[in-house]
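Participant: Build me a model:
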Amino acid sequence: MEKLIHIGFGNIVNTGKIIAIVSPDSAPVKRMVQRSKELGNVIDATQGRKTKAVLVMEGNQVVLSALLPETIAGRAHTEGGERSES
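Facilitator: As a prediction, the model looks like this:
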């Protein structure tokens, strides 16, 4: 089984399915998120907070998170190696 990481507010994703973790600020990413919403491929894990990271997943799924991309990437990197106590 692949590693699971916490992306905020009790939400967890499989690191083996993540293709990219990007900031939602650029126009192409905004268009991608909007198109995914229209197709019903968005998982909103922000709990009503501002979206700070967009996780592009296998299978054309897009996950929105209220955590910064650096935070999620750091957790994915840490979980892939030695587990930190936090």
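
Participant: Just want the phi and psi numbers for the residue nearest to the spatial centre of the chain.
Facilitator: Nearest to the mean C-alpha position of the chain, counting by CA atoms, centre = their mean, stands Leu55 at 3.2 Å. When read as degrees, to the nearest 10, the backbone of Leu55 gives phi -100, psi 120.

Participant: Read off the pLDDT value for it.
Facilitator: In this model, Leu55 is scored at 98, pLDDT.

Participant: so it makes contact with Arg75?
Facilitator: No. The pair Leu55 / Arg75 is not scored as a contact, 11.7 Å apart, by CB atoms under 8 Å. No exception for glycine: its C-beta is placed from N, CA and C like everyone else's.

Participant: who's in contact with Thr46?
Facilitator: Gly8, Phe9, Leu64, Ser65, Ala66 (CB atoms under 8 Å, 6 or more residues apart in numbering).

Participant: Same list (the residues you listed) but as a markdown table, adding neighbour count, pLDDT and secondary structure.
Facilitator: Converted to a markdown table, the contacts of Thr46 look like this (neighbours: other CB atoms under 10 Å; pLDDT from 0 to 100; DSSP: H, G, I helix; E, B strand; the rest coil):
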| residue | neighbour count | pLDDT | secondary structure |
| --- | --- | --- | --- |
| Gly8 | 18 | 95 | strand |
| Phe9 | 13 | 95 | coil |
| Leu64 | 22 | 98 | strand |
| Ser65 | 27 | 98 | strand |
| Ala66 | 19 | 98 | coil |
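
Participant: I'd like the residues you listed as TSV, with distance to Leu39 appended.
Facilitator: Shown next, in TSV, are the contacts of Thr46 (distance: CB to CB, whole Å):
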residue	distance to Leu39
Gly8	24
Phe9	24
Leu64	14
Ser65	19
Ala66	22
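
Participant: Report the two of these separated the most.
Facilitator: Across the contacts of Thr46, no pair lies farther apart than Phe9 and Leu64, at 11.4 Å, counting by CB to CB.

Participant: anything in contact with each of those two?
Facilitator: In contact with both Phe9 and Leu64: Ala45, Thr46, using CB under 8 Å, 6+ apart.

Participant: quick revisit: between the contacts of Thr46, which is closest to Val33?
Facilitator: Among those, and counting by CB to CB, the member closest to Val33 is Leu64, at 7.1 Å.
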